[in-house]
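Participant: Below are the sequence and a predicted model; questions follow.
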Amino acid sequence: MGVLDLSVGVGPMRAEHQRLLRTTLRRGDNTPERRPDEEVDVASYDPAALGAAHRVWRRRAFNEHQSAMVFTGLLPQLVEAEATLDVKTTVLRMAMDELRHGALCAGIVEAMGGEGSLSADLRTRPLPDHPGCTPLERAMRNALFIGCLAETVAVAFTAEEREQTSEPLMRRAIEQISADESLHARFGWAFVTEAAPELDDDARVRTNTWLRTAFRYLEREEMLEVPDVRPPSDELREQGLALGVCDNGATRALFYDTIREAILPGLEALGFAAHEAWRQRLAA
Ligand SMILES: [Fe+2]
Ligand SMILES: [Fe+2]
């Protein structure tokens, strides 16, 4: 266990970090970062809704921050796969996006009067190395899982939250996160679109089989994040939505819609037997 502190340090790199936020990582005119002394008007919310918001944004801070290591872990695989420079710089930009998302979420916890730093298991796991695959196939599988599956689901979830979150600080954070996740998903689809035609028949068959495992893992992880419990009342549901707490039932349904309407057709169009792999995900 360790302490994950997502505040900006006061050392000489502080100015460089702030410059990155203003330049490289910027989207639109809104600055999503919490302004000094900006606070959520906690008195206007039910303590139960606030409690849920604390839990959700703290967990989110951790998950977002951990996503940075997924992208940095992808860089060496992209190098081995002989990816072009634009792909390598973009993957590092996305790692920075995720660190920032973590900090935005931690700032929201603080704006509700909570503790922004959290104690957590800070060990990181390397990306799967897919033994027996070529370097391109390995990088493609991980880019597919990250971009075409996980980030595509994230785009759907955050687009929904963006519509429902009305508390201004949360809303600005969701808008930034949603716009960034959309790049992360596009990255995956673009990389797989270029890599897929390079696969030989054996690699294609292997990828179709692996997709079952990928779908099974994705479904399990996503469902763990949104347990099948209903908000205790409509009023608490509405307050939760305003604070960026999703309705788990609706989010679960959105997951399956996204699989059916975006992910399966997208992968089929690239020549993968995605429908069959989804049907067989529990049989693997
Ligand atoms: Fe993110
Ligand atoms: Fe992301």
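Facilitator: Here it is on my side, so go on. Ligands and ions are numbered 1, 2, ... in the order given.

Participant: Okay, and the residue in the stretch 101-250 of the chain positioned nearest to ligand 2 sits in which element?
Facilitator: Nearest residue of the stretch 101-250 of the chain to ligand 2, counting by CB to the ion: His184, 3.8 Å away. No exception for glycine: its C-beta is placed from N, CA and C like everyone else's. Applying DSSP states H and E as the criterion places His184 in helix 168-195.

Participant: Determine the set of other helices and strands touching the helix or strand encompassing Asp86.
Facilitator: Taking DSSP H and E as the criterion, Asp86 maps to helix 85-111. Here helix 85-111 touches helix 47-80, helix 168-195, going by 3 or more CB pairs under 8 Å, 6 or more residues apart in numbering; DSSP states H and E.

Participant: Say whether ligand 1 is contacted by it.
Facilitator: Yes - using CB under 5 Å from the ion, helix 85-111 reaches ligand 1 at Glu98, His101.

Participant: Can you give me the buried ones in that helix?
Facilitator: Across helix 85-111, burial judged by 16 or more other CB atoms under 10 Å covers 87, 90-91, 93-111.

Participant: Please state the mean pLDDT value computed over the helix or strand that the helix holding His184 is followed by.
Facilitator: Following helix 168-195 in sequence order, the next helix or strand is helix 201-225 (DSSP H and E). Helix 201-225 shows an average pLDDT of 97 in the prediction.

Participant: Compute the inter-axis angle for the helix or strand following helix 201-225 and helix 168-195.
Facilitator: Going down the chain from helix 201-225, the next helix or strand is helix 234-242, by DSSP H and E. For helix 234-242 against helix 168-195, the angle between stretch directions is 60 degrees (axes from the mean of the first three to the mean of the last three CA atoms, to 10 degrees).

Participant: Other residues contacting helix 234-242?
Facilitator: 45-46, 48-49, 52-53, 164-167, 170, 231, 246-247 (CB atoms under 8 Å, 6 or more residues apart in numbering).

Participant: Now do that helix, average pLDDT.
Facilitator: Throughout helix 234-242, pLDDT has a mean value of 96.

Participant: Can you give me the buried ones in the very next helix or strand once past it?
Facilitator: Helices and strands here follow DSSP H and E; after helix 234-242, the next one along the chain is helix 248-258. By neighbour count on 16+ other CB under 10 Å, the buried set for helix 248-258 is Asn248, Thr251, Arg252, Leu254, Phe255, Thr258.

Participant: The second one and Phe157 touch, don't they?
Facilitator: Right, the one you point to is Thr251. Yes - between Thr251 and Phe157 a contact is recorded at 6.2 Å, counting by CB atoms under 8 Å.

Participant: list the contacts for Phe62?
Facilitator: If a contact means CB under 8 Å, 6+ apart, then Phe62 has Leu4, Gly102, Leu118, Ala120 as its contacts.

Participant: same thing but at 6 Å, please
Facilitator: For Phe62, the contact set (CB atoms under 6 Å, 6 or more residues apart in numbering) comprises Ala120.

Participant: Equivalent analysis for Asp37, please.
Facilitator: The contact partners of Asp37, taken as CB under 6 Å, 6+ apart, number zero.
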